[in-house]
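got a predicted structure plus its sequence, pasted below:
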Amino acid sequence: MKKHKKINTRNFLFLLLFITSLISLKTLKKVNIHDIIISGNEIFSKTDVVNNSSLKFPIRLIFIKTNFLEKELKQNLSLKNVSVSRQIFPFGLKVHIHTRAPIAYGERILNDEKILGFIDIDGIFIDKENAKNTNESKLTLKVIGWEEKFKNIISAILSAQENYDFELVKVTFSPNGFLTVEEKDLKTIFLGFNPNLIHHQLKIINSLKHEFKKNKISSKIENIDLTDPNKPIIKVFKP
């Protein structure tokens, strides 16, 4: 019985050593572009992954810095999330991609050049080439003057647009950061520079929309000044 146990232990150790050696050899094996395994989307290809990262092929699997690669791809491809893992069986580099869903047109200025794209619910700008399957006919809102520092304000506006009854058609940040929105019936609404007021201002816009709808006077409005939401100023057309 003891001899049988010794043989089983020896076989187990041998098998463990064999598997460990095999895994070590596999991780030292070089990866090429055809060894990339993409899942989670149909937009991005293996070439997109390579062109938007610092990967230089061939490279040994063990030397790939997965965390760094995730950060590169998330930023360069405007992704919601991405996970990268080394894979032994089947051998390769697995890239699972979670894309962003555009809900508005976007426009930004980069190095004095106008860049067109889209905006998602988090206020993140998505380059047009990174949203290839977007149905543009369903997008009715445009965000002009996008900058990274405005993303939280934009997100608040887009979330309110989905939860409130007003219908914005344009959100504009001037070069100095002054915020103006245009509503389908209420026309131009000045919101100003203070991002801390945005939630209060959006509630007032919703209330005004209900009030003007009820009284059917929205067609007379020229613009609304909500830079001080406690003292709204409504300018109407004078015949």
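Received the coordinates, thanks.

tell me which residues touch I204, please.
L226, P229, P232 (CB atoms under 8 Å, 6 or more residues apart in numbering). Quick note: C-beta positions are derived from backbone N, CA and C, even for glycine.

return the member of those nearest to F57.
Proximity of the contacts of I204 to F57, judged by CB to CB, is greatest for L226, which lies at 54.6 Å.

before we move on, back to that, out of the contacts of I204, who's the most crowded?
L226 (23 neighbours; other CB atoms under 10 Å).

and stretch 117-133, C-alpha only, in CSV?
Only the C-alpha atoms of stretch 117-133 are listed here, as CSV (Å, rounded to 0.1, in the frame of the first residue of the first chain):
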residue,chain,number,x,y,z
GLY,A,117,-17.5,62.5,-33.5
PHE,A,118,-20.1,61.4,-30.9
ILE,A,119,-20.8,61.7,-27.2
ASP,A,120,-22.0,58.9,-24.9
ILE,A,121,-24.1,59.1,-21.7
ASP,A,122,-20.9,59.7,-19.6
GLY,A,123,-20.1,62.8,-21.6
ILE,A,124,-17.1,61.0,-23.3
PHE,A,125,-16.1,62.0,-26.8
ILE,A,126,-15.9,59.2,-29.3
ASP,A,127,-14.0,59.7,-32.5
LYS,A,128,-16.1,59.0,-35.6
GLU,A,129,-13.9,56.1,-36.7
ASN,A,130,-14.4,54.4,-33.3
ALA,A,131,-18.2,54.3,-33.7
LYS,A,132,-18.5,52.7,-37.1
ASN,A,133,-21.9,51.1,-36.7
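
in that stretch, what counts as buried?
For stretch 117-133, the buried set under the neighbour-count rule, 16 or more other CB atoms under 10 Å, comprises G117, F118, I119, D120, I121, G123, I124, F125, I126, N130, A131.

which of those lies closest to H210?
Proximity of these to H210 (CB to CB) peaks at I121, which lies at 23.9 Å.

can you redo the contacts of I204 as JSON lines with secondary structure, distance to K29 and pLDDT?
Shown next, in JSON lines, are the contacts of I204 (DSSP: H, G, I helix; E, B strand; the rest coil; distance: CB to CB, whole Å; pLDDT from 0 to 100):
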{"residue": "L226", "secondary structure": "coil", "distance to K29": "62", "pLDDT": "97"}
{"residue": "P229", "secondary structure": "coil", "distance to K29": "63", "pLDDT": "93"}
{"residue": "P232", "secondary structure": "coil", "distance to K29": "67", "pLDDT": "92"}
